[in-house]
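Undergrad: Using only what follows, build the 3D model:
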Amino acid sequence: MSAPVPLGLGLAAVGRPAYITTARDADLGAPAERSIDAMRARAHELLDEAWGLGIRYIDTARSYGYAEQFLGAWLAAHPERRGALTIGSKWGYAYVGGWRMDADVHERKEHSAAMLDRQWPETLDALGSPPDLYLVHSVTPDSPVLADSAVMSRLRALRESGVRVGLSTSGPHQGEVLRAALSLDDSPFRAVQSTWNLREATVSDALAEAHAVGWTVVLKEVLANGELATAAPGSDLERAASGIPADAFAIGVARAQPFADVVLVGATTREHLRAGVAASPILPTALDALAADPVDYWRARSARPWR
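TA: Numbering: from 1, shown residues only. Purely as a prediction, here's the structure:
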C-alpha cells in the first residue's frame, strides 16, 4: 500500500459556536462555554497539535466565523511556520450568525464580483498574507459564477499573481459542476475541494479527471459531519470496518483514493487529529451498502441542526 494521502486541518467546526457536526457538546462543552476567547484557544490548540503531527495543510473560509482571524493570530505568533504550510481559504459565503447559537441564519451565499472584491481584502487582512489556494465556496448548478465574466476576470488575475484558484462543490450534482469548471476556456481554476465520503462518493470520476490534468484535489467531510465517526452495533458500517474504529476506517478509505491530494479532518479535539494521522489507507472492495442516494444524502445534510 502506498503512503497515505496527507491530512489537512479544517477549521469550519472551531471558528464559530454553532455548526452542523455531531457531538459538539461533548467535544466543545456547553454552548455558554463557547466564547470567542475559548474558541480561539481551541483553534490554536488544534493548530499546534496539527503542526506537531506533521499536518501542513490548513483549510478555512470567510464564512467560518472567526476562523481566518484565529489562524492569522496563530501565524503571527509563529511566522517561521508559514513557509512550510499550505493554506486554503474560500469566498462566496459570509458569516452572519453574530456569534449566536440560535441565529435564524448562520451564513449567506453570494457568488458575485462585489462579494469577491469585498472578501479578498478581508482574507488578506485576517491571515496576514495571501492564501496559497483560494476557492469559490460551494458552487452548485444554480450558482451564476462560472458564467460571470467579471468574476472570472478577477480570478484569472489572482491566478497570475501566484494564487492557486479553485472551487469547492456541494450538493447532489458535484460532478456536473466540476466538469463544467474543467471545460471552461482559459479556466482560472486549478484546484477543487469536494465532499467525498462512504455515503456520498458520486463525484469520484470527476475528481479523477481533475487530478489527471494537474488540479489539486482536496476531500472534505470524509466523516459526513460526524455520521461516520461511530458505528452502531450490527450496522453496515460496523461490518465494512471489520474491527477497525469507524472513524479510522472512513478516513483510511479517503486517504487511499488515488485522485486525492489532501484529506481534510474537521477536528474539534486533539484526539480527532491523532486518530486521523493514525488511520492507514484502506481500499475495501464492497462499499455499495454504505452509499446513500445523493439527493437523500444532501437533503438530510441540509436538515442538520446548527448546535
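Undergrad: what residue ranges in the stretch 101-250 of the chain score low on pLDDT?
TA: For the stretch 101-250 of the chain, applying pLDDT under 70 flags no range at all.
Undergrad: which residues in it form strands?
TA: 107-109, 133-139, 164-169, 189-195, 216-220 (DSSP state E, counting those that start in this stretch).
Undergrad: in the shortest one, what's buried?
TA: Under the neighbour-count criterion of 16 or more other Cβ atoms under 10 Å, strand 107-109 has Glu107 buried. Bear in mind the C-beta positions are built from the backbone N, C-alpha and C, glycine included.
Undergrad: Give me the residues contacting it.
TA: For strand 107-109, contacts defined as Cβ atoms under 8 Å, 6 or more residues apart in numbering pick out 63, 92-97, 137-138.
Undergrad: Could you name the residue of this structure that is farthest from its center?
TA: Centroid-distance maximum for the chain: Gly234 at 30.0 Å, with Cα atoms, centre = their mean.
Undergrad: Determine the longest helix present in the protein.
TA: The single longest helix within the chain, with elements called by DSSP state H, is helix 36-53.
Undergrad: how far does it sit from the chain's center?
TA: Remark: helix 36-53 is offset 17 Å from the chain centroid, using Cα atoms, centre = their mean, to the nearest Å.
Undergrad: Can you tell me which of the strands of the stretch 101-250 of the chain is nearest to Glu227?
TA: The closest approach between Glu227 and any of these, judged by Cβ to Cβ, belongs to strand 189-195 at 12.0 Å.
Undergrad: Direction included, what does that closest one pair up with?
TA: Strand 189-195 sits in its sheet next to strand 164-169 (parallel), strand 216-220 (parallel), going by DSSP bridges.
Undergrad: ok, what's across the strand from the residue nearest the centre of the chain?
TA: By Cα atoms, centre = their mean, the chain has its centre lying nearest to Lys220, at 4.3 Å. Listed by DSSP bridges, the beta-bridge partners for Lys220 are Thr195.
Undergrad: got the contact list for it?
TA: Contact partners of Lys220, counting by Cβ under 8 Å, 6+ apart, are 10, 59, 168, 193-196, 264, 266.
Undergrad: Fine, thanks again, bye for now.
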